[in-house]
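Q: Pasting the sequence and the predicted coordinates here, then a few questions.
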Amino acid sequence: MHSDTIKQQLIELEQLLVQPATRLSAELLNRYLTDDFYEIAATGRCFGKADVLERLPAEAPPVISQQDFDCRVLAEGLAQLTYRATIQRADCDPSCSVRSSIWRFDGEKWQMIFHQGTACEPF
């Protein structure tokens, strides 16, 4: 698979994961995250897949904008997508972060295996 094709597919998946309909659906989240998924949030808290499936559908979805995507193919069927995000939660100032996701292709579909957000100054 060509790296530009991989990049476009992963951008579409990242954009799908921040949509309220996806964040509120444990079924959709389960589809896009590997069973061994691990996240380090911008707050420093760590989450596994079970935590995400329980937490996100119970939250009021924030408005998340993403920009400046870049993609590195790490190995056959393994790629890293990086980008910058602005997150606007109700009654809070927006927060900015640099994001990194590692995606694994199982021969049929891409799933996120790892995600990290690092808080940063507004951009």
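A: Nice, thanks for sending it over.

Q: Do I have it right that residue 104 meets residue 34?
A: Yes: counting by CB atoms under 8 Å, residue 104 touches residue 34, with 6.2 Å between them. Just so you know, the C-beta spots here come from the backbone N, C-alpha and C atoms, and that holds for glycine as well.

Q: Now list whatever residues contact both of those two.
A: Both residue 104 and residue 34 are in contact with 111, 113, where contact means CB atoms under 8 Å, 6 or more residues apart in numbering.

Q: Go ahead and name everything in contact with the lengthiest helix in the chain.
A: Looking across the chain with DSSP state H, the single longest helix is helix 3-17. Residues from elsewhere that reach helix 3-17 (CB under 8 Å, 6+ apart): 22-23, 29, 32, 66, 69-71, 73, 79, 81, 83, 101, 103, 110, 112.

Q: hmm, 6 Å instead?
A: The contact list for helix 3-17 (CB atoms under 6 Å, 6 or more residues apart in numbering) reads 22, 69, 71, 73, 79, 81, 103, 110.

Q: any idea how far residue 24 is from residue 8?
A: For residue 24, the distance to residue 8 (CB to CB, to the nearest Å) stands at 25 Å.

Q: no wait, residue 96
A: For residue 96 relative to residue 8 (CB to CB), the value is 24 Å.

Q: Neighbour count: those two, which is higher?
A: Taking neighbours as other CB atoms under 10 Å, residue 96 and residue 8 compare with residue 96 leading, 17 against 13.
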